[in-house]
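# 3D, please:
(chains A and B)
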Amino acid sequence: MSRLPPGQKAEVRRLLGEGPLKFRLLDLGFVPGTTVEAVRRSPLGDPVAFCVRGALVALRSKDADLVLVEVLPGDQRRGACP
Amino acid sequence: MSALNTAPCKSPADLQERVAAALFREAEAIANRATKVTEEEDSRALRYLERKLDDFLTSRRTGFLLMTALLAFIFWLTLVGTNYPSEALARLFSWGEKQILAFLGGLNAPLWLQGILVEGIYRTVSWVVAVMLPPMAIFFSLFALLEDVGYLPRVAFNLDRLFRATGAHGKQALTMAMGFGCNAVGVTACRIIEAPRERLLAILTNVFTPCNGRLPTLMALAALFAGGGLAASLLLCALVLGGCAITLGVCYLLSRTFLKGLPSYFVLELPPFRKPQVGRVLLRSLLDRTALVLVRAVTVAAPAGALLWVLSASGLAAKAAAALDPLARVMGLDGFILLAFVLGWPANEIVLPVLLACYLSAGTMVEAESLAGLKAVLEEHGWTHLTALCYMLFSLLHFPCGTTLVTIYRETGSLRWVCWAVLIPLATACLACTLVAQLARALGLVTSLFT
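Numbering: from 1, shown residues only, chains lettered A, B, ... in the order given. As a prediction, the model looks like this:
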C-alpha cells in the first residue's frame, strides 16, 4: 500500500505480518475488501495519510507495506475523506 | 463487498482477518440501515476546503514554515497581551504592600515579622502572580484553541520523519505540545506512545519543552534581551526550536546507547478540523490557569518566600551563592541564579521571583514591581546580554521540577529513570551554557544589557 501515489484508490487484499500492528490495522478497518485511498504525503515524504472508511489515518511506509492492495482502475476523483 | 467466505481457515492469522472482516461487514450493514447520507452542496464544498487546508498545512513547501510562523505569532500575541494586565497587577500589589506595611506598623509588629510577611511571602507571591500569571493564561488559552481546531495531530504528521530518524516516535510531538502546558502533564501524555522504549525517550526529553512555568520567564528575559515584541518573539521561537533540536539530538544519542532498539510502528489518526468553541475554551483555560497559579502561589511560593527571607536574613543565602559563584561564572551565570534554580526546584514559576528576592535582599533596591523594575534590579547586579542568554538556556534545559519528577517516577516506576531524568537535562544545560559563555567571551561579545 505504501507505493500508492496520492489520490490513488485501491482495494485491500491481504495483511502480512502479525502481532500488535496487525491487530491495530484490522481495528482501523484495513480488512480485505475495503477500499482505501492514499491522500497525502507528509512534508518529508513519510508517513502517508490514507483514507479508510471515512477516516484519515497516517502510517509509516514500512508499516503500510504490511497491507497488500490491488489498484482500482478508473475513477480517480477524490473520495469522501476529510 | 465479497460474499461470505466459507472455506476452511488456513491459519490463526487467517481467522483473525476473517473475524475482523465479518465484524466490519455487520457494522456497515447496521450503519447503512440506521443512517442516511445525503450529499449536500455545502458539505461537499466544506470538505473540499478542509482538504485544501490540510494540503496547505502539511505541504512540502509550507508545512514547516507555517508551524514556525504560528509558534512565533502565538508568542507575539502573548508578549503584547501581557503588558497591560501585568502592569495593572503590579500596581495593585505595590499599593497592597503599602497598606500592609502601614497596618503592621500600626500594630508595632517586630521588624523580623514585617520582613517575613512582606519582603518574604508577600513579594514572592505578588511576583508570581503579576509577572507569571498573565503570560501563562494567555499562552495557554491560545494553545488550547489550536488544539481544539485539530492542528496538533498535523504537527505530529509533519514531524514523524524527523523523530523516526532519531529512533523516537512521531506522537512525541503531541506529548511535547502538552509539555508547553506543563511537563508533568506532558510526561503523563506519553502513555499515548505504545512502545515502552519510545515512551521512555519521550518521558526523559519532555523537559526540553519549556512549560508554562518557564515561558513567562523566558518571555520577560527575551523582551529585555531583544527589545521589541517582534524580535523577542522570534528569539523565543528560536529558543523553543533549539529545545526541539536538542530533544531530537538526545533521543538520537539515547537510541544508540541506553535505549537501543528498532522503531516500532506509527499509527496516527488525523481527525477532521473542527470549528473551535472559542468562548468555552478561553473561559476554561483562563480559569484553569488562574486557579492553578493562585493555588501554587499559596502552596509553593509563599513558603519559599518565607524560607528565602530567613536564609537571606541569616546570611546563609549569600554564603551559598558565594560558594556556587565560581561554578556559575563558568556557565555565564552568577551564584544567586544557580541558588534560585535550586530553591525554585519545587515549581519553575518561582525561580525568577526567588532570584529577585535574593538580589533585593543583597542590594539597595526596595521596590521591583513591573518589567522596568526588573530591568533595574538586574542591571544593578551586573547582568549582560550573555547573562540573560545563559539564564534562558539554563531555564530551557535544566532539570525537571519536583512535580514532574514525581510524575516520572509514577510513570516509569523506577528511581533509576528519575535519576537519568535529572542528570541528562542538567548535563545538557551546563554544557550548553558553558559553551555559549566561553565562546561569547572568546569573541568579546559580552555587552551590558542596557547600553
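# contacting residues for B:Leu405?
B:399, B:418, B:421-422 (Cβ atoms under 8 Å, 6 or more residues apart in numbering or on different chains). (C-beta placed from N, C-alpha, C; glycine too.)
# can you find the helix or strand of chain A with the lowest average pLDDT?
Lowest by mean pLDDT, DSSP states H and E among the helices and strands of chain A is helix A:20-28, with a mean of 88.
# that helix close to chain B?
Yes: contact of helix A:20-28 with chain B (Cβ under 8 Å from any Cβ of the partner chain) involves A:20-28.
# which residue ranges of the chain form strands?
All of this refers to chain A. Assigned strands in chain A, in chain order: A:9-15, A:35-41, A:48-52, A:55-59, A:67-71 (criterion: DSSP state E).
# to clarify, I was referring to chain B.
Under DSSP E, chain B gives strands at B:267-269.
# point to the residue nearest the middle of it.
The centroid of chain B falls nearest to B:Cys211 when counting by Cα atoms, centre = their mean (1.6 Å).
# once you drop chain neighbours, what's closest to it?
The shortest distance from B:Cys211 to any residue other than its chain neighbours is 4.6 Å, reached at B:Asn183 (Cβ to Cβ, 6 or more residues apart in numbering or on different chains).
# tell me if I'm right that that neighbour and B:Asn206 touch.
Yes: counting by Cβ atoms under 8 Å, B:Asn183 touches B:Asn206, with 5.4 Å between them.
# quick check: neighbours shared by these two?
Common contact partners of B:Asn183 and B:Asn206 (Cβ under 8 Å, 6+ apart): B:400, B:404.
# buried members of the residues of helix A:20-28 next to chain B into ChimeraX, please.
Entered in ChimeraX, the line below selects the buried ones among these, by 16 or more other Cβ atoms under 10 Å in any protein chain shown:
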select /A:21,22,24,25,26,28
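# distance to B:Arg296 for the residues of helix A:20-28 next to chain B - can I get that in TSV?
As requested, these are exported to TSV (distance: Cβ to Cβ, whole Å):
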residue	distance to B:Arg296
A:Pro20	40
A:Leu21	42
A:Lys22	46
A:Phe23	42
A:Arg24	39
A:Leu25	44
A:Leu26	46
A:Asp27	41
A:Leu28	41
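# neighbours of the closest residue to B:Leu415 other than its chain neighbours, how many?
Using Cβ to Cβ, 6+ apart and skipping the chain neighbours, the partner closest in space to B:Leu415 is B:Tyr409 (6.9 Å). Neighbours of B:Tyr409 under the rule other Cβ atoms under 10 Å in any protein chain shown: 15.
# how much space between B:Tyr409 and B:Val187?
Distance, B:Tyr409 to B:Val187, using Cβ to Cβ, to the nearest Å: 10 Å.
# ok, now B:Gly115?
As for B:Gly115, its distance to B:Val187 is 38 Å (criterion: Cβ to Cβ).
# of these two, who's got more company?
Applying other Cβ under 10 Å to B:Gly115 and B:Val187 shows that B:Val187 carries more neighbours, namely 30 against 18.
# now for the nearest residue to the more buried one once chain neighbours are set aside: which residues touch it?
Ranked by Cβ to Cβ, 6+ apart and with sequence neighbours excluded, the top spatial neighbour of B:Val187 is B:Thr407, at 4.7 Å. For B:Thr407, the contact set (Cβ under 8 Å, 6+ apart) comprises B:184, B:187-188.
# if we only consider the residues you listed, which is nearest to A:Glu37?
Distance to A:Glu37 across the contacts of B:Thr407 (Cβ to Cβ) is lowest for B:Thr188, with 35.2 Å.
# report the separation between that closest one and chain A.
Distance from B:Thr188 to chain A, counting by Cβ to the nearest Cβ, to the nearest Å: 22 Å.
# isn't that residue up against B:Ile408?
No: the criterion here is Cβ under 8 Å, and B:Thr188 misses it with B:Ile408 at 9.7 Å.
# can you pull up the most central residue in chain A?
Mean-position check on chain A, Cα atoms, centre = their mean. Result A:Phe50 at 4.6 Å.
# so it bridges to which residues?
Beta-bridge partners for A:Phe50, by DSSP bridges, are A:Ala38, A:Val57.
# hang on, it packs against A:Arg40?
No: the pair A:Phe50 and A:Arg40 does not pass the contact test of Cβ under 8 Å, sitting 9.5 Å apart.
# close to chain B: what parts of chain A are there?
A:14-15, A:18, A:20-29, A:31-34, A:40-47, A:49, A:53, A:55-60, A:62-63, A:78, A:80-82.
# one more time with 7 Å, if that's ok
A:15, A:18, A:21, A:24, A:26, A:28-29, A:31-33, A:40, A:42-47, A:49, A:55-60, A:63, A:78, A:82 (Cβ under 7 Å from any Cβ of the partner chain).
# please report how far B:Gly227 lies from B:His385.
11 Å.
# residues near B:Glu269, how many?
B:Glu269 has 11 neighbours, counted by other Cβ under 10 Å.
# show me the contacts for the closest residue to it other than its chain neighbours.
Distances taken as Cβ to Cβ, 6+ apart put A:Val57 closest to B:Glu269, at 5.4 Å, once the chain neighbours are dropped. A:Val57 is in contact with A:28, A:49-50, B:267, B:269, counting by Cβ atoms under 7 Å, 6 or more residues apart in numbering or on different chains.
# so which of these comes closest to B:Glu26?
Checking these against B:Glu26 by Cβ to Cβ gives A:Leu28 as the nearest, at 16.8 Å.
# which non-adjacent residue is nearest the closest one?
Using Cβ to Cβ, 6+ apart, the nearest residue to A:Leu28 is A:Val57, at 5.7 Å.
# poorly predicted segments of the chain, please.
No chain in the question, so chain A it is. The model of chain A has pLDDT under 70 over residues A:74-82.
# wait, chain B was what I had in mind.
For chain B (pLDDT under 70), the answer is B:1-7, B:9, B:39-41, B:362-371, B:449-451.
# near chain A, which residues of it show up?
So chain B meets chain A at B:1-2, B:13, B:16-17, B:20-21, B:24, B:47, B:50-51, B:54-55, B:58-60, B:63-64, B:157-158, B:160-161, B:164, B:265-270, B:272 (Cβ under 7 Å from any Cβ).
# only the buried subset of the residues you listed, as a ChimeraX command please.
In ChimeraX syntax, the buried subset of the residues of chain B next to chain A is picked out as below (16+ other Cβ under 10 Å):
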select /B:16,17,20,21,24,51,54,58,59,63,64,157,158,160,161,164,265,266,267,268,270
